[in-house]
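Undergrad: Fold the following, please.
(2 chains)
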2 protein chains.
Amino acid sequence: MRIPLIAHIRNAPPGAMNDDLIAGAITAILLIPQGMAYALLAGLPAEMGLYASIVPPALYALFGTSRSLAVGPVAVAALMVAAALSEYADGEAARWMSGAMILAFEVGALLFLMGVLRLGVLVNFISHPVLSGFTTGAALLIVLSQVPILLGLSLPRGAAYETVLGVWHNLDAVHLLTLVFSCVAMLALLLARAPLSRALRQLGMPPRAALLLTRMAPLAIVAVGALAAARLQGAEQGLRIVGAIPAGLPLPSLGFFAADGWLALAGPAVLIALVGYVESISVAKALAARRRQKIDPDQELRALGLANFGAAFAGTMPVAGGFSRSVVNFDAGAQTQRAALVTSALVAVVAVFFTHWFFNLPKAVLAAIIVVAVWQLVDFRSVVRHLRYDRADGASQVATLLGVLIFGIEPGLLIGIGLSLALYLWRTSQPHIALIGRVPGTEHFRNVQRHAVQTLPTAVFIRPDENLYFANVAVVQKFIADQVAEQGDITDVVLVMSAVSYIDASGLEMLEQLVQDFARAGIRLHLAEVKGPVMDRLKAAPEVLEHLPVHLSTEGVFEALQASSPEFAGQT
Amino acid sequence: MRIPLIAHIRNAPPGAMNDDLIAGAITAILLIPQGMAYALLAGLPAEMGLYASIVPPALYALFGTSRSLAVGPVAVAALMVAAALSEYADGEAARWMSGAMILAFEVGALLFLMGVLRLGVLVNFISHPVLSGFTTGAALLIVLSQVPILLGLSLPRGAAYETVLGVWHNLDAVHLLTLVFSCVAMLALLLARAPLSRALRQLGMPPRAALLLTRMAPLAIVAVGALAAARLQGAEQGLRIVGAIPAGLPLPSLGFFAADGWLALAGPAVLIALVGYVESISVAKALAARRRQKIDPDQELRALGLANFGAAFAGTMPVAGGFSRSVVNFDAGAQTQRAALVTSALVAVVAVFFTHWFFNLPKAVLAAIIVVAVWQLVDFRSVVRHLRYDRADGASQVATLLGVLIFGIEPGLLIGIGLSLALYLWRTSQPHIALIGRVPGTEHFRNVQRHAVQTLPTAVFIRPDENLYFANVAVVQKFIADQVAEQGDITDVVLVMSAVSYIDASGLEMLEQLVQDFARAGIRLHLAEVKGPVMDRLKAAPEVLEHLPVHLSTEGVFEALQASSPEFAGQT
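TA: You can find the predicted model right below:
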């Protein structure tokens, strides 16, 4: 297998080593609290988030074709893991952990297999509006799931409405100290974004240094939060803290192979793999385009597959290329995946030596980090934009969003994908069909309802604007028959096939039947402007072509019919 | 609600009354044994088949728009009823009967609703190859289900392979007397078709009389079979006979409303409704076309819906327009649905007065009638034809056929529908894209790989032969980018949109991104020959159109670019 990292380092610009070191450090600082937070979001112990930030990014660094994609635990996948495991594990901690590993292994196997079979195109069937609706819905679900933690309530995991009701009924049980930690942490995180960076630059700090400082904010907030909680003896006052995190590195573990439920988790694994891949490839492509670099989707699948195998053997949850973290990595100047190796090493150092620093860290602070991070994924403006441009796209997006919120993350995604495909099929089953005529003085033919064109008294020119296939042949056939019946005195019907790129067996049967029906009524059917691939196929049905003259140009038939017509009628 | 029968009778040709009487009698003679046989096939008592042949056809006669469709119990629907009820009723006879009524009511409600909502187009999504594969598979399943009865074996209902194995293991238990009845009946039925009709005409009998005689064959065989079984005291020798059929007409019954399982039977009811409607509408259309009459699909749905309501209240199973019986009715000269009223009345007379005639009728003779009737539905030639013309169509057909045989009648149909739609979507996701040039001396543009055409040195003309939508935008975008990268020195890219009838939001985003990417490289993107409906939609996105010149004709851009080009390169 190829190791693109070697070529990337060899071709990197001078000074790239330095850039990668700094970018790797910045990403690590962001990743450590996020990783732990996403592990908790997935229902796993905090150290699992660290483990997922060590081995998988290092594996991706070797095999990935993106120079700046930051692989590791991501919010949406974490939520999907929680959704899959809450049924599977039924609250049993050991089962929850082995389930996460099974998911990581299955996700890895699926991605690797898709890479080998070059099936990356399958994700094309998830449309942008569906993905956007899904991401917004998932982000809202994540925010909602953190609300009880921010309020210091302990509610069981449940559907969105259950959480809302639970919070409402327990409003009198809100833990005020927790809420103070939550609010301060969220405020600090928001201020550490644009405002802090602007202020630092106004103070004359160089951009790279300003970036480094703002990116350190989450870790600083974590440190201050942990110190404050220790100082106030928060745990004794009912503040939930992270508690003891075992120090050390994950040992390769194969125990999960013996666990049951591989089949039950395969469905969720497919969706986690697809969503993780779509997120990763979109970011990778967008960042590569900015520097005119290339992404190889099949190699990406294999690299992400290996990263997830790494996650499974490191005893942790599925990983993907994160959107915001990759952008941070890129903005921090990462030139190659050497930056990811730096990140991985720094997280490992923390895992071995410094986990006790997080003992007193309030869970509410981690929840604040999650909420502020995923809130960027919420995007209602694109709903409006899509609804305005295309009702089908808008409807798919709204359905996905509502589906995720009402029925849950997996049903919501499936509803969205199914609806977008069904709406496309429905559209092709009700095609636009134009009666066309010649634009005077040209060889161009246009819709008689939109342009002033010439028509013939005894011939109709019909242009079906869709492939002729089973879902629409009945509609097309009826349109043609109705036109002929309406116009009377017709001797020739010309089907202009410029928009037909495919005729299936049902379409062929329709042509055959039209030829027969028309022959009885003394009408000839013609085809014009048949595309090469369609013609190749029709040649396999000589019994139909025999009675069906095919013309290269519409103009040619028009002139021939005009010459043979008893009278010529111009119509404008 | 309209009653088309009145207009049909008023507009019927002279002598139609006589024709309808004879046709109605012939159809009744065919229907009586078939109806009882199909009731047994559905797992119901024989009289249910008679009841389904009285009320439903009379209701359809009033409201249907087909003049010759023969509505009543049909083989494929009977098999689907059996498949649905074998799980639902679990062998309990009373539950089996109320289940059949629930199915009939649900089928009626679905069809009526589809008619009111004008949703008849939904059946367009069942392609001809899928329907053909389904019918062949169902016919083979029906034949297989009758084999144990023909051999006098009593095996439990089961999957196809279970029946095969069951017959094999019980081959030593074959009941010879039963087998003799079976073989004689099948032979007689086969001889009564073409050979008898040919012989009678050679003897100089007028065609109508010959037809009447050959159509009487099944009833004659039933009579002879019953008499022979009585004479041989077959029942005492282990020959299974129909036994006592209660005389009388069905009383309206509403007991089934109280039974449970309405939801569990709704899924099968949808499929029975769809399949029944497709069969009915196909026959109705084909027969109407022969006499240049019109079928109104929405009225058909409502009429078939009422017929099934009638079936439910008459305490029997779902009905549809049968293929072979309708052809018989048409060939026998039926001019209006008055023929169906005659049929209905004659069956009622039999149900009231003559059911005891069938007491000694061997079930094997009814099985023989089923086998000979459904064998006509088996069609392997169309598999070969479809495979030759289009691999996707052939594959859908084969998958449906095998799905029905291996997984059962409902999963098989769903596999076929799903696969045919998936293959169409897959095809549109991998579109044909042509590089085109001008045919010298004309305004026509054709694929550079198929025709000798002129191209320009600094411009590429690209024609995507498919709608631009989410499933293919990545592929189209890559093709365009690759062409530009390969050719170097390109200043203009022209997308010829003659085959694009729809651009969704993802397609629009692709155009937007191409414009931006190209602008950075100093390349202009143009559109040409944009269809009216597509242009209307693009106008809703002025931010994209602003940087994207749209030309009426490809020729126009070609000439303009040729004039501005530093050198002109002709390529042939």
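Undergrad: Could you verify my assumption that A:Leu421 touches B:Leu425?
TA: Yes: the pair A:Leu421 / B:Leu425 is scored as a contact, 6.1 Å apart, by Cβ atoms under 8 Å. Quick note: C-beta positions are derived from backbone N, CA and C, even for glycine.
Undergrad: got any residues that touch both of the two?
TA: Both A:Leu421 and B:Leu425 are in contact with A:125, B:471, where contact means Cβ atoms under 8 Å, 6 or more residues apart in numbering or on different chains.
Undergrad: element containing the residue lying closest to A:Val350 once chain neighbours are set aside?
TA: Nearest residue to A:Val350 in three dimensions, chain neighbours excluded: A:Ile32, at 5.7 Å (Cβ to Cβ, 6 or more residues apart in numbering or on different chains). Here A:Ile32, judged by DSSP states H and E, is contained in helix A:16-41.
Undergrad: Which positions within stretch A:207-218 qualify as buried?
TA: A:210-218 (16 or more other Cβ atoms under 10 Å in any protein chain shown).
Undergrad: show me what contacts the residue in the stretch 151-300 of chain A positioned nearest to chain B?
TA: Closest residue of the stretch 151-300 of chain A to chain B, Cβ to the nearest Cβ: A:Ala289 (7.1 Å). Contacts for A:Ala289 (Cβ under 8 Å, 6+ apart) come out as B:Asp517.
Undergrad: so it, which of the three states?
TA: helix (DSSP: H, G, I helix; E, B strand; the rest coil).
Undergrad: Check what pLDDT it gets.
TA: A:Ala289 carries a pLDDT score of 78 in this model.
Undergrad: Could you list which of the buried residues of stretch A:207-218 belong to helices?
TA: A:210-215, A:217-218 (DSSP state H).
Undergrad: Neighbours of the nearest residue to A:Ala244 once chain neighbours are set aside, how many?
TA: Spatial nearest neighbour of A:Ala244, excluding adjacent residues (Cβ to Cβ, 6+ apart): A:Phe359 at 6.1 Å. Residue neighbour count, defined by other Cβ atoms under 10 Å in any protein chain shown, stands at 15 for A:Phe359.
Undergrad: Likewise for the one 10 residues further on?
TA: Other residues lying near A:Ile369 total 25 when counted by other Cβ under 10 Å.
Undergrad: do you know how far it is from A:Thr163?
TA: Distance from A:Ile369 to A:Thr163, counting by Cβ to Cβ, to the nearest Å: 19 Å.
Undergrad: rewinding a little: correct me if wrong: the residue nearest to A:Val350 contacts A:Ser53.
TA: Yes: at 7.4 Å, A:Ile32 and A:Ser53 qualify as touching, with contact defined as Cβ under 8 Å.
Undergrad: who's more crowded, the two?
TA: Neighbour totals were compared for A:Ile32 and A:Ser53, and A:Ser53 leads with 36 against 23 (other Cβ under 10 Å).
Undergrad: Would you agree the more buried one is in contact with A:Gly35?
TA: Yes: look at A:Ser53 against A:Gly35 with Cβ under 8 Å: they come within range, at 4.4 Å.
Undergrad: residue contacts, the one residue in the stretch 1-150 of chain A that gets nearest to chain B?
TA: Nearest residue of the stretch 1-150 of chain A to chain B: A:Ser127, at 3.4 Å (Cβ to the nearest Cβ). The contact partners of A:Ser127, by Cβ under 8 Å, 6+ apart, come to A:393, A:396, A:420, B:469-471, B:504-506.
Undergrad: before we move on, back to that, common neighbours of A:Ser53 and A:Gly35, please.
TA: Contact criterion Cβ under 8 Å, 6+ apart; residues shared by A:Ser53 and A:Gly35: A:72-73, A:347.
Undergrad: Narrow those residues to those in strands?
TA: If you go by DSSP state E, the shared contacts of A:Ser53 and A:Gly35 have A:Gly72 in strands.
Undergrad: So which other helices or strands are in contact with the lowest-mean-pLDDT helix or strand in chain A?
TA: When each helix and strand of chain A is scored by mean pLDDT, DSSP states H and E, helix A:207-215 comes last, with a mean of 77. On a contact count with 3 or more Cβ pairs under 8 Å, 6 or more residues apart in numbering or on different chains; DSSP states H and E, helix A:207-215 meets helix A:16-41, helix A:194-202.
Undergrad: which residues touch the shortest one?
TA: By Cβ under 8 Å, 6+ apart, the list of residues contacting helix A:194-202 from outside reads A:207, A:209-211, A:213-214, A:217.
Undergrad: Return the set of buried residues in it.
TA: Buried residues in helix A:194-202, counting neighbours by 16+ other Cβ under 10 Å, are found at A:196-197, A:200.
Undergrad: Chain B contacts on the stretch 1-150 of chain A?
TA: A:121, A:124-130 (Cβ under 8 Å from any Cβ of the partner chain).
Undergrad: so what's A:Asp298 up against?
TA: Residues near A:Asp298 by Cβ under 8 Å, 6+ apart: A:115, A:118, A:120.
Undergrad: Give me the buried entries from these.
TA: A:115, A:120.
Undergrad: would TSV of the contacts of A:Asp298 with secondary structure, distance to A:Val544 and pLDDT be doable?
TA: Formatted as TSV, the contacts of A:Asp298 follow (DSSP: H, G, I helix; E, B strand; the rest coil; distance: Cβ to Cβ, whole Å; pLDDT from 0 to 100):
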residue	secondary structure	distance to A:Val544	pLDDT
A:Gly115	helix	43	92
A:Arg118	coil	36	87
A:Gly120	helix	38	83
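Undergrad: Dump stretch A:435-444 to CSV, keeping only the CA atoms.
TA: The C-alpha trace of stretch A:435-444 is given here as CSV (Å, rounded to 0.1, in the frame of the first residue of the first chain):
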residue,chain,number,x,y,z
LEU,A,435,-44.1,20.7,-28.6
ILE,A,436,-41.4,22.4,-30.6
GLY,A,437,-41.1,24.4,-33.9
ARG,A,438,-38.4,26.0,-35.9
VAL,A,439,-37.1,29.4,-35.0
PRO,A,440,-37.5,31.2,-38.4
GLY,A,441,-34.3,31.5,-40.4
THR,A,442,-32.4,29.1,-38.2
GLU,A,443,-31.9,25.4,-37.7
HIS,A,444,-32.9,25.7,-34.1
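Undergrad: State the three-state secondary structure for A:Ser154.
TA: Strictly by three-state DSSP, A:Ser154 counts as coil.
Undergrad: correct me, but it touches A:Pro148?
TA: Yes: counting by Cβ under 8 Å, A:Ser154 touches A:Pro148, with 7.0 Å between them.
Undergrad: In terms of packing, which of the two has more residues around it?
TA: Neighbour count, other Cβ under 10 Å: between A:Ser154 and A:Pro148, A:Pro148 has more, with 19 against 12.
Undergrad: thinking again about what came up before, so which of the ones in helices among the buried residues of stretch A:207-218 would you say is closest to B:Gln562?
TA: Nearest to B:Gln562 out of those is A:Leu211 (Cβ to Cβ; 50.7 Å).
Undergrad: And the nearest residue to that closest one once chain neighbours are set aside, its phi and psi?
TA: Spatial nearest neighbour of A:Leu211, excluding adjacent residues (Cβ to Cβ, 6+ apart): A:Ala332 at 6.1 Å. The phi/psi pair for A:Ala332 (degrees, to the nearest 10) reads phi -70, psi -10.
Undergrad: what does the stretch 351-500 of chain A have sitting close to chain B?
TA: A:385-386, A:388-390, A:392-393, A:420-421, A:424-425, A:427-432, A:434, A:442-444, A:447, A:450, A:465-467, A:469-475, A:498-500.
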